[in-house]
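A.B. asks: What shape does this take:
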Amino acid sequence: MSQDGRHRETDTASPANGSRGSEGEADETDTAGTAAADATPAADQRVLVVTGLGRKNRRHFGPLAEIAGETTFVALEPRYDVDGARYVAVPDVGPRLVRLVVLFVLALYEGFRNDYDAVVSISLFPYGIYALVLKAVYGYPTHLGVIGIDLDHHVDQWYGPVVRWLFGRFDAVSVPGTDHAERLTHVGVSPDRIEILTNAIDVDVYRPPESGSGEDDDGSDVTDVEYDFVWVGRLSPEKDPLRFVAALEVLADGREGEFRALIVGDGPLRPAVVEALETAELTDRVDMAGWVDDPVICYRRADCFVLTSERDALPLALLEAMATGLAPVVPPVGSVPDVVTDGENGLLVADRDVESIADGMARYLDEPAFRRELGRNAAGVRPDVSFEQASVDWGRILATLEG
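C.D. replies: Next up, the predicted model:
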């Protein structure tokens, strides 16, 4: 999209690769050729990304850079590079609030000195707001990637009507699953502007261990599985780790056999979790790993994954665990039912009732063959949550923006 009166500068990024993977639609024939064809309109597009995601840039925007003709980042933390992208760095001076203001100024200047076909952002505050300003000033089509807090919190606050109005100003809004897509329509976003963008993971890392390989992905020796259950997430109220502890307590009270569990993560509820484990006399059965940057080795040392979130979109930890071959016990929050089918590749508990979660965990302990079967089936999620699939999704998003 060329803007009259402004000069297109010549700095360019590496040529884009064609998108890979499949559309993932159950009623269509999935072929690599179809995926590449879907991404073709993106090959000549110049995309400006306004972001503060830091190390998450690769996962969220790497698949976009694979298919866009040129991708430029105005980023708080450019050291987390995306291959083939160009970076406009925000100077590392002053507190974060000052740097966010500088990022906005740099994004405005970048939008002036170069022509772009689209502006992409994730999270309404502040990056989506910045994208809308660029749209107002230069006429660029804008995208917003919705994260949980945008719908789960901001919409319900006193300023919720403003948030709903802002959602409607974007030319494309992406969400990780069908639950958030439906909720967007309820707040007034036109369905033809809503796209599903997979919460992508590196399926070359998160995969079932090869039988008899004798080593993990990082080259370390793998011992026998140490834990029956693993819980991964921020130790915060919305993730509800205390419910996991309560389910473990019910499980321990109802059986004589031993079990082991691992809690991976950190956050404000850590002291409460430690206290709850001590009160329930579970400290000899439950280890706390703290924050782990790359939790694949934790998944490899467990049989089952447990989710207890009060609210969630489509948890990354769930996708990582399933891709690694863990059988999940999960409530039907957010878009979790998009990937977990009860009794086929996991157990969906009807609600977040502690006894129901404990019953699911007990079934895995009592029926190891059933648990192994569901774990094998869970790994079948890998093609649908790959970077290749995310590139296909980005192709559709750019086509919607071009639209």
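A.B. asks: going forward, measure contacts between C-alpha atoms and count neighbours the same way
C.D. replies: Noted.
A.B. asks: Quick check: next helix or strand after the helix or strand containing V173?
C.D. replies: In this assignment (DSSP states H and E), V173 forms part of strand 172-175. Following strand 172-175 in sequence order, the next helix or strand is helix 178-186 (DSSP H and E).
A.B. asks: And for that following helix, what's in contact with it?
C.D. replies: Around helix 178-186, the neighbours that count as contacts under C-alpha atoms under 8 Å, 6 or more residues apart in numbering are L151, V175, P191, I194, E195, I196, A313, G334, S335, D338.
A.B. asks: Which members of these are classed as buried?
C.D. replies: For the contacts of helix 178-186, a burial check counting by 16 or more other C-alpha atoms under 10 Å picks out L151, V175, I194, E195, I196, A313, G334, S335.
A.B. asks: with these in mind, which one is nearest to D393?
C.D. replies: Taking C-alpha to C-alpha as the measure, D393 lies nearest I196 of the buried ones among the contacts of helix 178-186, at 6.8 Å.
A.B. asks: per-residue confidence at the closest one?
C.D. replies: Per-residue pLDDT puts I196 at 98.
A.B. asks: Report how many residues lie close to A172.
C.D. replies: Using other C-alpha atoms under 10 Å, A172 has 28 neighbouring residues.
A.B. asks: show me what contacts it?
C.D. replies: A172 touches T142, H143, L144, R193, I194, E195, I397, T400, L401, counting by C-alpha under 8 Å, 6+ apart.
A.B. asks: out of these, who's nearest L242?
C.D. replies: L144 (32.9 Å).
A.B. asks: In this structure that closest one contacts I122, no?
C.D. replies: Yes. Taking contacts as C-alpha atoms under 8 Å, L144 lies within contact range of I122: 5.4 Å.
A.B. asks: Let me see the contact set for the nearest residue to G233 once chain neighbours are set aside.
C.D. replies: Spatial nearest neighbour of G233, chain neighbours left out: G265 (5.2 Å); criterion: C-alpha to C-alpha, 6 or more residues apart in numbering. G265 makes contact with V232, G233, R234, L235, M288, A289, G290, W291, V292, according to C-alpha under 8 Å, 6+ apart.
A.B. asks: Against D294, how distant is G265?
C.D. replies: Distance check for G265 against D294: by C-alpha to C-alpha, to the nearest Å, it reads 11 Å.
A.B. asks: do A65 as well
C.D. replies: Relative to D294, A65 is positioned 23 Å away (C-alpha to C-alpha).
A.B. asks: which of these two has more neighbours?
C.D. replies: Using other C-alpha under 10 Å, the more surrounded residue of A65 and D294 is A65, with 29 against 9.
A.B. asks: Surely V133 is in a strand?
C.D. replies: No. Looking at V133 with DSSP: H, G, I helix; E, B strand; the rest coil, it is helix, so not inside a strand.
A.B. asks: Look at it and report its pLDDT.
C.D. replies: The per-residue pLDDT reported for V133 equals 99.
A.B. asks: So what touches the one helix or strand L251 maps to?
C.D. replies: Take DSSP H and E as the rule and L251 turns out to sit in helix 241-253. Helix 241-253 is contacted from outside by 231, 235, 258, 269, 272-273, 276-277, 280, 282, 306-309, 354-355, 357-359, 361-362, using C-alpha under 8 Å, 6+ apart.
A.B. asks: Equivalent analysis for stretch 304-313, please.
C.D. replies: For stretch 304-313, using C-alpha under 8 Å, 6+ apart, the contacting residues are 147-148, 152, 176-177, 179-180, 228-232, 237-241, 243-244, 299, 318, 321, 326-331, 333-336, 352, 364, 371, 375.
A.B. asks: re earlier: spit out the residues that contact L144 and I122 alike.
C.D. replies: Common neighbours of L144 and I122, counting by C-alpha under 8 Å, 6+ apart, are G128.
A.B. asks: Could you report the separation of the closest residue to L374 other than its chain neighbours from G177?
C.D. replies: Counting by C-alpha to C-alpha, 6+ apart, the nearest residue to L374 once its immediate chain neighbours are dropped is N345, at 4.4 Å. Distance of N345 to G177, computed by C-alpha to C-alpha: 18 Å.
A.B. asks: Settle it for me: which of the two has more neighbours?
C.D. replies: Neighbour count, other C-alpha under 10 Å: between N345 and G177, N345 has more, with 26 against 21.
A.B. asks: For P63, see how far away T198 is.
C.D. replies: T198 is 10 Å from P63, by C-alpha to C-alpha.
A.B. asks: Check Y130 too.
C.D. replies: Distance, Y130 to P63, by C-alpha to C-alpha: 22 Å.
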